[in-house]
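Student: Provided below are the primary sequence and the corresponding predicted coordinates.
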Amino acid sequence: MTDDKDQFQAAAVENEAAGHGGLSQAELDEMVASSDTGGRSPAGPVGVFIMLVALAWSLFQLWFASPIPFMVGFGVFNDTEARSIHLGFAIFLAFAAYPAARTPFQLGLGVVVPLLLAFLFFVGAKDGTSTWWIPLVALLVVGAILLGSPKDRIPFWEWGLALVGAATALYLYVYYAEISQRVGAPITQDFIVSVFGLMLLLEATRRALGPALMIVATVFLVYTVLGPYMPGIIAHKGNNLSEIVNHQWITTEGVFGIALGVSTSFVFLFVLFGSLLDRAGAGNYFIQVAFSLMGHMKGGPAKAAVVSSAMTGLISGSSIANVVTTGTFTIPLMKKVGFSSEKAGAVEVASSVNGQIMPPVMGAAAFLMVEYVGIPYFDVVKHAFLPAVISYIALVYIVHLEALKAGMEGLPRAYEPKPIVQRLVGIAFTIAVICALSFAVYYGMGWIRPAFPETAAYIIFAFLTAIYVALLYVASKEEPLELDDPNAPVTSLPLPGPTVRSGLHFILPVVVLVWALMVDRLSPGLSAFWAAAYMVFILLTQRPLMALFRGAGNLGGSIREGFLDLIDGLVVGARNMIGIGIATATAGIIVGAVSQTGVGSALADVVEVLSGGYIMAILLLTAVLSLILGMGLPTTANYIVVSALLAPVIVTLGQQNGLIVPLIAVHLFVFYFGIMADVTPPVGLASFAAAAVSGGDPIKTGFVAFFYSLRTAALPFLFIFNTELLLIGVNWAQGIFVFVVATIAMLLFAAATQGWFLAKNRFYETIALLLVAFTLFRPGFWMDMVFPPYSEEAPTEIVSAAGETAAGEELRVRVAGVNDLGDPIEFVAIVPIGEGATGEEKLEAAGLMFREEGDKMIIDDVSFGSAAEGAGLDWDQEVLRVLKPIGQPSKYLMFIPALLLLALVVFLQKQRAPAPRREEAVAA
């Protein structure tokens, strides 16, 4: 998307020269459209037709996710058929909504890639398949691209690409029964459809997402064909055209694989839910609430930007849309209280991009993790929650430090603040009321379901509707929320009470979503369906009921406006999904190539050689690769690619080096660095969008935003080594303790990286703060150096070591054996010790039996389904080392020297901290 960025930057400079702070609203809308929903919206019948196609896509996805087809016995689609229809809509709209005209480089790629693939497929037909038609397919695609693609209309050749692309995607749906009878033996028709499909999918990717993902997918297709000619470490036998067609298009191993399945089943509904919620007015409500509550603080608009972006992140899966939606309002106000254009844009970028790590949606990655990691959605959200909240708290603190450094003030309030004690009492009372209501609802629902099993759903809906009507009545007594002009003089902030009350009903659909996911444990797709269905109900009734309560009359006009809001929300939701649908399908090419060629195991060897086997070096390589790929790939596609390539490598090499890394921690690690690429210059599109709004320099904005985002970059390394941050293996009380300690540690890390705590840091104070933060995050690091947690025993002493280890504790055993390919391998296994009177009995309870061969200890038997088998142990493996757990003082004792060092820094900085102003002291 380099040309888009150049246009944004040039337009921002022109506006700045003309006396404007950034782009106009129309230009900002066009920017979001060109990157998220498609830059082409022709007028007249063609525009209406595209709108109807997008509307049909949304209605199909609602139908597919709903229980209605199963109730009426009609319109039931299996997963493969639904994926086929989903991709058909996505490809058709990609060609209809995104014009081909980009930079000459991108246009050249659009020509070169089909010709290259045609040559490869022609050469790759090693099985004697007739391939005379392949060059013709490529020439047709190239010719349609070269004929041009205007923005204001769709020429007939573009219609041809759209229809043929959709037809190739729908092929699996139309011929599903026939294909199922000949899997592995494609016919000529399969070849033609698949070659057309792959070429047109890659062209749709170039249009909707830019060149990066197209290039990466093409490289993997080249690698699939030219495997024998690759360097020895990554060489493979090569695959012929029949194998590629069967793997990539005709089965669900490639394009129609897990990633597209997640997009079809889960992601669309969540994106649609966010679109409907935003169309109802929730986005504006979140912004106004954040400003009313936080705008008066030091750097208040920036703090409000962080909070509003966190809330908007719940309903938006796009960094750029989040930047433009909240940034249009927040960036000018941040500049008004003293932030430079670059810092104002950077705060918005850092907070908007982080919206993608915020559960429950997480920019679609959460649903992919469910499939790839194989754990329930509830667990994904649980593991992701703590780092996301800590990251946002730290960003608010960074903004506070920037305000302190610059001596900024907040915006004026229209009311006198209450005394601090009264405010604290009010907050405590509010929390108590919310907790009481939560308990009442939770246990009330728990009583309704068994008491009325047949009608519980209707009772709950009636209950929700009564609450909705009551909240809407309360909102009707307040003035409607209007999005103020951020460039107008700010005389006062809105009152918090009326602002909060004016949109409390927007919380209900979020409650429905979270309840269905977390309490009822419904599937993500069904949960999103019920939440979206409730949003449909709200959109249709909100305006008429509000008009009724306010006595405004014109009930018919209100009903019509509500219906138009619903249609608009459904259409925008579908157009927001074009890029995600295309990205997941194209990422499927990469995943399919990895599984077909076995490059994953070869890559593990490459990474091991480059890293020297050190886990930290492996993590750094993974982080860098994620950043590089993320510079051109959407977050979702980046996550799919890097997790498919490197997540298993980290787990395997970590195990070989004695670090047992949970798979969810690795996937979150990859995901965090994928979203960092939206920030990182020179390609971070979110930074360019923010600069376009602020009128600042986009590269400088990106660097400042990256500096603000160091906390997000540090967290993945921390939770790899301290999985308590992901709430793994902790109870609720321990979780609260971890949250408090980790939050303090992250605030200290932010103070160190920002160079300001109570006063400007001296270099040794920065080092001290980093040491304290690291100690709070990983107290076990220092404790293990002072008191090693394990004693090493000889392999032949494993039985006696097991006898001295209490049941429930774990032995660490390093073993040598062979992997599935017969190659030698060494790794560390964690063996839970079972109950027993002797070491032999304890090991047998764990599923292990040994035999001695001289001075060697060999595993003689591993019980099926035992803990030992789960740890990766197998027959004939040799035990190399045995690590027996020994008593160790509590690692939290390391907090004592850390807190003493922190107290010293506080003492030193208090001596030179600026005195508070007199009016601030009086207010406090």
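Tutor: Received it, and whenever you're ready, just let me know what you need.

Student: And stretch 494-504, what's buried?
Tutor: 494, 496, 499, 500, 502, 503, 504 (16 or more other Cβ atoms under 10 Å). For the C-beta atoms, the positions are set from N, CA and C on the backbone; glycine is no exception.

Student: what does stretch 616-625 give?
Tutor: Buried positions in stretch 616-625, judged by neighbour count with 16+ other Cβ under 10 Å: 618, 619, 621, 622, 623, 625.

Student: cool, stretch 748-756 as well?
Tutor: Those buried within stretch 748-756 under the rule 16+ other Cβ under 10 Å are 748, 749, 750, 751, 752, 753, 754, 756.

Student: got the contact list for the residue nearest to the last one when sequence neighbours are not counted?
Tutor: It refers to residue 756. In space, and not counting its chain neighbours, residue 756 is closest to residue 401: 4.8 Å by Cβ to Cβ, 6 or more residues apart in numbering. Neighbouring residues of residue 401 by Cβ atoms under 8 Å, 6 or more residues apart in numbering: 750, 751, 754, 756.

Student: could you say which helix or strand contains residue 401?
Tutor: Per DSSP states H and E: residue 401 is located in helix 377-406.

Student: Which positions within that helix qualify as buried?
Tutor: By neighbour count on 16+ other Cβ under 10 Å, the buried set for helix 377-406 is 377, 379-404.

Student: residue boundaries of the helices in the stretch 51-200 of the chain?
Tutor: 68-72, 79-97, 104-124, 134-146, 156-174, 176-180, 188-209 (DSSP state H, counting those that start in this stretch).

Student: burial count for residue 352?
Tutor: The local packing of residue 352 (other Cβ atoms under 10 Å) involves 34 other residues.

Student: Next: the one 4 residues further on.
Tutor: By the other Cβ under 10 Å criterion, the neighbourhood of residue 356 contains 27 residues.

Student: Can you tell me which of the buried residues of stretch 494-504 comes closest to residue 223?
Tutor: Using Cβ to Cβ, residue 503 comes nearest to residue 223 of these, at 52.0 Å.

Student: ok, the closest one touching residue 282?
Tutor: Yes. Judged on Cβ atoms under 8 Å, residue 503 makes contact with residue 282 at a distance of 7.0 Å.

Student: residue ranges with poor pLDDT in the stretch 501-650 of the chain?
Tutor: Scanning the stretch 501-650 of the chain for pLDDT under 70 picks out 600, 604, 613, 629-634.

Student: The same query, at a cut-off of 90, please.
Tutor: 501-528, 531, 547, 549-558, 572-573, 575-577, 579-581, 583-584, 587-588, 590-650 (pLDDT under 90).

Student: one step back: show me the contacts of residue 401 that map onto helices.
Tutor: Among the contacts of residue 401, the members found in helices (DSSP state H) are 750, 751, 754.

Student: Looking at those residues, which is nearest residue 367?
Tutor: residue 750 (30.7 Å).

Student: Span of stretch 603-623 from start to end?
Tutor: Using Cα to Cα, to the nearest Å, one end of stretch 603-623 lies 15 Å from the other.

Student: How far away from the center of its chain is it?
Tutor: 24 Å (Cα atoms, centre = their mean, to the nearest Å).

Student: re the thing from before, include distance to residue 814 when you put the contacts of residue 401 into a markdown table, please.
Tutor: Shown next, in a markdown table, are the contacts of residue 401 (distance: Cβ to Cβ, whole Å):
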| residue | distance to residue 814 |
| --- | --- |
| 750 | 39 |
| 751 | 41 |
| 754 | 43 |
| 756 | 46 |
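
Student: remind me which residues of the stretch 251-400 of the chain are low pLDDT?
Tutor: In the stretch 251-400 of the chain, residues with pLDDT under 90: 251-254, 258-259, 261-263, 265-275, 277-400.

Student: rerun at 70
Tutor: For the stretch 251-400 of the chain (pLDDT under 70), the answer is 312-319, 321, 325, 360-364.

Student: do the same with the stretch 801-924 of the chain
Tutor: 821, 914-924.

Student: my read: residue 729 touches residue 723, true?
Tutor: Yes. Using Cβ under 8 Å, residue 729 makes contact with residue 723 at a distance of 6.9 Å.

Student: between these two, who's got more neighbours?
Tutor: More crowded of residue 729 and residue 723, by other Cβ under 10 Å: residue 723, with 18 against 9.

Student: just checking, that one touches residue 659?
Tutor: No. Using Cβ under 8 Å, residue 723 is not in contact with residue 659, being 10.6 Å away.

Student: how many other residues sit next to the closest residue to residue 825 other than its chain neighbours?
Tutor: Counting by Cβ to Cβ, 6+ apart, residue 825 lies nearest to residue 819, which is 4.7 Å off, once chain neighbours are set aside. The number of residues packed near residue 819 is 12, by other Cβ under 10 Å.

Student: now swap in residue 232 and tell me
Tutor: Residue 232, neighbours per other Cβ under 10 Å, totals 6.

Student: chain center to stretch 466-484, what's the gap?
Tutor: Here stretch 466-484 is found 32 Å from its chain centre; the criterion is Cα atoms, centre = their mean.

Student: Also stretch 875-886?
Tutor: In terms of Cα atoms, centre = their mean, the centre of stretch 875-886 is found 39 Å from the chain centre.

Student: Ok, stretch 822-834 next?
Tutor: Chain-centre distance of stretch 822-834: 33 Å, with Cα atoms, centre = their mean.

Student: Ok, stretch 457-471 next?
Tutor: So, by Cα atoms, centre = their mean, the centroid of stretch 457-471 is 32 Å from its chain's centroid.

Student: Mind listing residues that contact that stretch?
Tutor: So stretch 457-471 is contacted by 445, 448, 452, 504, 505, 508, 512, 534, 537, 538, 545 (Cβ under 8 Å, 6+ apart).

Student: how about low-confidence regions in the stretch 51-200 of the chain?
Tutor: 101-102, 124-130.

Student: Let me know how buried residue 247 is, in neighbour terms.
Tutor: Neighbours of residue 247 using other Cβ under 10 Å come to 24.

Student: if I pick it, what's in contact with it?
Tutor: Contacts of residue 247 (Cβ under 8 Å, 6+ apart): 239, 253, 254, 592, 595, 596.

Student: export these to CSV and tack on distance to residue 576, secondary structure and neighbour count?
Tutor: Output for the contacts of residue 247, formatted as CSV (distance: Cβ to Cβ, whole Å; DSSP: H, G, I helix; E, B strand; the rest coil; neighbours: other Cβ atoms under 10 Å):
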residue, distance to residue 576, secondary structure, neighbour count
239, 35, coil, 23
253, 28, coil, 18
254, 25, coil, 26
592, 26, helix, 27
595, 30, helix, 15
596, 32, helix, 21
